[in-house]
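Asker: model this:
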Amino acid sequence: MRNDKQPERQDGKYRGVLLDIDGTLVDSNEAHVEAWVQALKENGHEVGKEKIRSLIGMGGDNLLPAVGVDEESTEGKRMAERHGELFKERLPRLRPFPGVRPLLEKMKAEGLKRVVASSAQPDEVKALLEIAGVTDLVEDTADSGDADSSKPEPDIVKAALARIELEPGEVVLLGDTPYDIEAAGKAGVATLAVRSGGFPDEELQGAIALYNDAADLLARYASSPLGRSS
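Answerer: Just a heads-up that it's a prediction; the model follows:
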């Protein structure tokens, strides 16, 4: 896991934000934990919640090998599909974090482009954006369907960069996991991290700034890297 401090843009303004969703905009990480634990257990793999929780932010293509399952095997594909089913069952109980919509409204008012960069499946992205209440505030999305490998590989971040049509140094990624930070860093993008995904501060040290959640970033927007770019 890489936590090298990312360079903050010094010579100009950030012009766009790449947005993670799970754990960043929507309080959904624990639902993913529960879904993975159950999907694995149903297929004969007992993996504790703490282990799965430490891997949330990866897509199934990286999470399954991390718990000893070949993601390309019939078993692996069955578990990934089952995780998706179990996660969708939990969607009705999920809620956005406080301040998410006002934060994106602020970004829009400041002229920042806004594109999703998520390891989630396309249908999950759509549902989660609706739960967050920000579908109309997102200009485009990049998800697992746009990448050969999920986070912490940079594929999804690079796909989002193509959507936002800006250079890596002109954007910042807003995320909640060390895998967001690593994926962004590999693509030359800095990260603003939030604690709302449940990761300890020491695992988020590679970010250029750290906030409790979206509401905290909004409250301190003027002094944040985004505000200083305005």
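
Asker: And the contacts of the longest helix that the chain contains?
Answerer: If you go by DSSP state H, the chain has its longest helix at helix 74-90. Identification of contacts with helix 74-90 by CB atoms under 8 Å, 6 or more residues apart in numbering yields 28, 31-32, 34-36, 38-40, 42-43, 45, 60, 64, 69-71, 121, 124, 127. (Each C-beta comes from the backbone N, C-alpha and C, glycine too.)

Asker: Which of these fall within strands?
Answerer: Residues of the contacts of helix 74-90 located in strands (DSSP state E): none.

Asker: Need the pLDDT of the residue lying farthest from the centre of the chain.
Answerer: Going by CA atoms, centre = their mean, the residue of the chain most distant from its centre is residue 44, 28.7 Å out. Here, the pLDDT recorded for residue 44 equals 95.

Asker: Adjust the sequence numbering to begin at 39 for everything that follows.
Answerer: Done: numbering now begins at 39, and the last item shifts to residue 82.

Asker: and it, backbone torsions?
Answerer: phi 90, psi 20 (degrees, to the nearest 10).

Asker: Can you show me the strands along this protein?
Answerer: 54-57, 151-155, 178-180, 209-213, 228-232, 247-249.

Asker: Present those strands as CSV; the columns should include mean pLDDT and mean neighbour count.
Answerer: Formatted as CSV, these follow (pLDDT from 0 to 100; neighbours: other CB atoms under 10 Å):
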stretch, mean pLDDT, mean neighbour count
strand 54-57, 98, 26
strand 151-155, 98, 24
strand 178-180, 97, 21
strand 209-213, 98, 29
strand 228-232, 98, 27
strand 247-249, 98, 18
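
Asker: Having no further points to raise, I will conclude here.
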